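> Pasting the sequence and the predicted model now:
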Amino acid sequence: MSLRIPTRFMVFTSMVLLLLSFSSCSSSKTGKVPAKEEGQFAREDADSSRKPDGGAKTVLKENSSTITGEIIEKKETGKNEFVLTVLVKSLTDDQAYESLLVKGETYLMVPGFLMENEEIKPVERNRKLLALGDLPIGSTFSARVSLIEGNKCIIQEVLGTNRPLEK
């Protein structure tokens, strides 16, 4: 019995293996994708986040609560810079999201100044934020704040202030 394989079978097998190797090489990409293509893929991924019914993309929004708080402690950290320890007396959720703050808890709060070239811009919002630093302990204020980490908040906008009554 001869173990000789016909030449046609060998050629056919070689061609099949060659085609399989080409198809696997062309379907898998190796190496880094150029930056321009990465951006294109990112846009495609973003577009794929659309709802099947053609609705708008999901938008992330900054957490925001309107609080009334009492200043428990005040610490100056530099020129026009301070940290307030505030007891949240009441709070109102943003219309679209539940508040991340809790009534009755204390939070560290820092002013969210609008800056220009590392200087505090002379605008009404900043004037009100600076005035918070002049309030005595025991004063209350209402403001729109955003939780940034742990128990630390940024005061975005001061809505009103009340000094404690003199005895």
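Yes, it's here.
> Could you identify the helix or strand that succeeds the helix or strand of the chain with the lowest mean pLDDT?
Here the helix or strand of the chain ranked lowest by mean pLDDT, DSSP states H and E is helix 35-48, holding a mean of 41. Moving toward the C-terminus from helix 35-48, the next helix or strand (DSSP states H and E) is strand 65-78.
> what lines up beside the very next helix or strand once past that next one in the sheet?
Next along the chain after strand 65-78, taking DSSP H and E as the criterion, comes strand 81-93. Based on DSSP bridges, the pairing partners of strand 81-93 within the sheet are strand 65-78 (antiparallel), strand 106-111 (antiparallel).
> right, so those: which one is the most enclosed?
Scoring the strands paired with strand 81-93 by mean neighbour count under mean count of other CB atoms under 10 Å gives strand 106-111 as the most buried, with a mean of 19. All C-beta spots, glycine's among them, are computed from the backbone N, C-alpha and C.
> Keeping just the C-alphas, turn that one into PDB.
The C-alpha atoms that make up strand 106-111 are tabulated as PDB, following Å, rounded to 0.1, in the frame of the first residue of the first chain:
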ATOM      1  CA  THR A 106     -22.100  68.800  58.600                       C
ATOM      2  CA  TYR A 107     -20.100  69.500  55.500                       C
ATOM      3  CA  LEU A 108     -16.900  71.400  54.600                       C
ATOM      4  CA  MET A 109     -17.800  74.100  52.100                       C
ATOM      5  CA  VAL A 110     -15.500  76.200  50.000                       C
ATOM      6  CA  PRO A 111     -16.500  79.100  47.700                       C
END
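> The very next helix or strand once past it - what's its average pLDDT?
Sequence-wise, the next helix or strand downstream of strand 106-111 (DSSP H and E) is strand 115-116. Model confidence over strand 115-116, given as mean pLDDT, is 90.
> ok, now stretch 101-108?
Model confidence over stretch 101-108 averages 94 on the pLDDT scale.
> End to end on it, go ahead and measure it.
Distance across stretch 101-108, first residue to last, is 12 Å (CA to CA, to the nearest Å).
> Could you list the residues in contact with it?
By CB atoms under 8 Å, 6 or more residues apart in numbering, the list of residues contacting stretch 101-108 from outside reads 65, 67, 69, 72, 83-91, 145, 147, 151-153.
> Would you mind giving the strands paired with strand 81-93 as TSV with distance to S139 added?
Converted to TSV, the strands paired with strand 81-93 look like this (distance: least, CB to CB, whole Å):
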stretch	distance to S139
strand 65-78	5
strand 106-111	13
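> Looking at the ones you listed, spot the one closest to R127.
Evaluated with CB to CB, these place strand 106-111 nearest to R127, the distance being 11.0 Å.
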